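how would this look folded up:
(2 chains, ligands or ions: 1)
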Amino acid sequence: MKFISEYRDPVTAGNMLDEIRKTVTRPWVIMEVCGGQTHAIVRSGIDQLLPKEIRLVHGPGCPVCVTPLETIDRAIAIALRPEVIFCSFGDMLRVPGSDRDLLIARSLGADVRVVYSTLEALQIARDNPEKEVVFFAIGFETTAPGNAMAIIQAEKQGLTNFSELVCHVLVPPAITALLSSEENQVNAYLAAGNVCTIMGLGEYEEIAKKYQVPIVATGLEPNDIIEGILMVVRMLEDGRCEVQNQYVRSVRHDGNVVARKAVAEVFEVTGQKWRGIGLLPDSGLRIRKRYASFDAALRFDVAGVEVDEPEACISGKVLQGLKRPNQCPVFGTECKPEHPLGATMVSSEGACAAYYKYQPLS
Amino acid sequence: MCLAVPGKLIEIYEEAGMKMGKIDYNGTVNKACLEYVPEIETGQYTVVHAGFAISVINEEEAARSYDAWREYTDAAARDGVDVFGEPLDKEGKIE
Ligand code: SF4
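Down below sits the predicted model:
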């Protein structure tokens, strides 16, 4: 298909890499925010093809990886109830909670089902009126419109046995938190193309201005990423701090206005805990009061479950770009995809999993 | 969780009161909700995320970035090598 092959052309990549080499004169640290980008970078070895001046660090861009431990524990507590069918994206099943994961809950008898879309969970609710169907609504701004739509539709269809356990995280507040940190070493950002497709560029323009960092909304194909790096390097070398759009084929300046409206109808912004990072103000979404009957945390009274993160795993540092996965002392030994210690080893988009799969020795 | 690959809308239909579409990803057909891309028409490409179409691909822009890349490509092709120093007729490592 035309649109795939063009964005993976190695010749194009080579020429853009040449252009990057010609442009760069000083060392720069660039963070890619999206886990899909991390995966593409590590898989295609982009990090190793860049001139030595450029260091890529991997950001917090995988919603599975940043879902806090207590949310997993809440999910398991709900899933274990006999009246519940618990629906989730497949990636979440093996994310370790305090003492078990959703797969173990399933082996203990919980009805845990993998769905590809929240609309499938709605269908399961229609088909099983005697059961409580709960959808594990995790994700960034990209997933929120779908999860909002499910609630709007559930209300329209008069479904009273559907609810969502919501753990939505927002990307710009996380970038702001990283930029405000004393440990910050990042000079520029590649923003996640699909998040910008929904949200547009407005929030990034404020960040670029306030913190004086160049940001480029970037697609997920290898050539998109290399072009995004080239655009960022040009701005860094010129001392410009703008927001540019590499992913023009999908990102419009105001994002997807219809989707944003639906999200604002159902959800409101709230403080949110990020696994390994901690509480970040205004970095999450919760269900508005008007739709409270669809809030699984209230319906099953698990909002009080709170736990602390274990010490051993350094995924918090990995998610902030302060450490690489292979700098973790248990990487590839005690911690492997078969028995992960942290969420970044579980998700297919987690940085630790990407390193383990594609660059285990580097 | 994020799918980079756009698919082509081949059919629009209604399901449970929602506008839905059949999306062709190079031979694999899947369904997606079209409520967030009301302007889409069959034959257009769309980015789908967790079962929801989130944008209509701007073909003009897609073609324009491609043209810019094509210029680089042509320049390198004249040297007969790709990024990895491999002859152009060999398969590249980026896929
Ligand atoms: S390798 Fe495992 S233990 Fe180490 S940071 Fe990654 S997920 Fe955590």
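
quick one: secondary structure of the closest residue to A:N245 other than its chain neighbours?
Closest residue to A:N245 apart from its sequence neighbours, by Cβ to Cβ, 6 or more residues apart in numbering or on different chains: A:A217 at 4.8 Å. To be clear about C-beta, it is placed using only N, CA and C from the backbone, and glycine gets the same treatment. State at A:A217, reduced to three classes by DSSP: H, G, I helix; E, B strand; the rest coil: strand.

pLDDT score assigned to the closest residue to chain B within the stretch 251-362 of chain A?
Going by Cβ to the nearest Cβ, chain B is nearest to A:A259 of the stretch 251-362 of chain A, at 4.3 Å. Reading off the confidence values, A:A259 has pLDDT 97.

quick check: it touching A:T143?
No - using Cβ atoms under 8 Å, A:A259 is not in contact with A:T143; the gap is 10.7 Å.

please identify the buried residues of the helix or strand the residue of the stretch 251-362 of chain A closest to chain B falls within?
Here A:A259, judged by DSSP states H and E, is contained in helix A:257-266. The neighbour-count check on helix A:257-266 (16 or more other Cβ atoms under 10 Å in any protein chain shown) flags A:A259, A:R260, A:A262, A:V263, A:V266 as buried.

now do stretch A:170-182
Buried residues in stretch A:170-182, counted by 16+ other Cβ under 10 Å: A:L170, A:V171, A:P172, A:P173, A:A174, A:I175, A:T176, A:A177, A:L178, A:L179.

for stretch A:332-346, same thing?
For stretch A:332-346, the neighbour count (16+ other Cβ under 10 Å) marks A:G332, A:C335, A:K336, A:P337, A:P340, A:L341, A:G342, A:A343, A:T344, A:M345, A:V346 as buried.

measure the closest residue in space to A:T23 that isn't next to it in sequence to A:I54 for me?
Sequence neighbours aside, A:V233 is the residue nearest to A:T23 in space, at 5.3 Å (criterion: Cβ to Cβ, 6+ apart). Between A:V233 and A:I54 the distance is 7 Å, computed by Cβ to Cβ, to the nearest Å.

the two: which is more packed in?
Neighbour count, other Cβ atoms under 10 Å in any protein chain shown: between A:V233 and A:I54, A:V233 has more, with 28 against 21.

wasn't the more buried one part of a helix?
Yes - under three-state DSSP, A:V233 sits within a helix.

looks like it contacts A:K22 (just checking).
No - A:V233 is not in contact with A:K22 according to Cβ under 8 Å; the separation is 9.9 Å.

ok, of the buried residues of stretch A:170-182, which one's closest to chain B?
Nearest to chain B among those: A:V171, at 11.8 Å, using Cβ to the nearest Cβ.

buried residues in the lengthiest strand in chain A?
Ranked by number of residues, the top strand in chain A under DSSP state E is strand A:278-287. For strand A:278-287, the neighbour count (16+ other Cβ under 10 Å) marks A:L280, A:S283, A:G284, A:L285, A:R286, A:I287 as buried.

same check on stretch A:320-329?
For stretch A:320-329, the buried set under the neighbour-count rule, 16+ other Cβ under 10 Å, comprises A:Q320, A:G321, A:L322, A:K323, A:R324, A:P325, A:N326, A:C328.

just the strands in chain B please.
B:6-15, B:18-25, B:28-33, B:45-49, B:52-56.

show me which residues of chain A sit near the ligand.
A:313-315, A:318, A:325, A:328, A:330-331, A:335, A:340-342, A:344-345, A:352 (Cβ under 6 Å from any ligand atom).

show me the shaky parts of chain A.
A:1-11, A:303, A:305-311, A:360-362 (pLDDT under 70).

any idea how far the ligand is from the closest residue in space to A:I30 that isn't next to it in sequence?
Taking Cβ to Cβ, 6+ apart, and ignoring the residues beside it in sequence, A:I30 has A:A188 as its nearest neighbour in space, at 5.0 Å. A:A188 sits 25 Å away from the ligand, going by Cβ to the nearest ligand atom, to the nearest Å.
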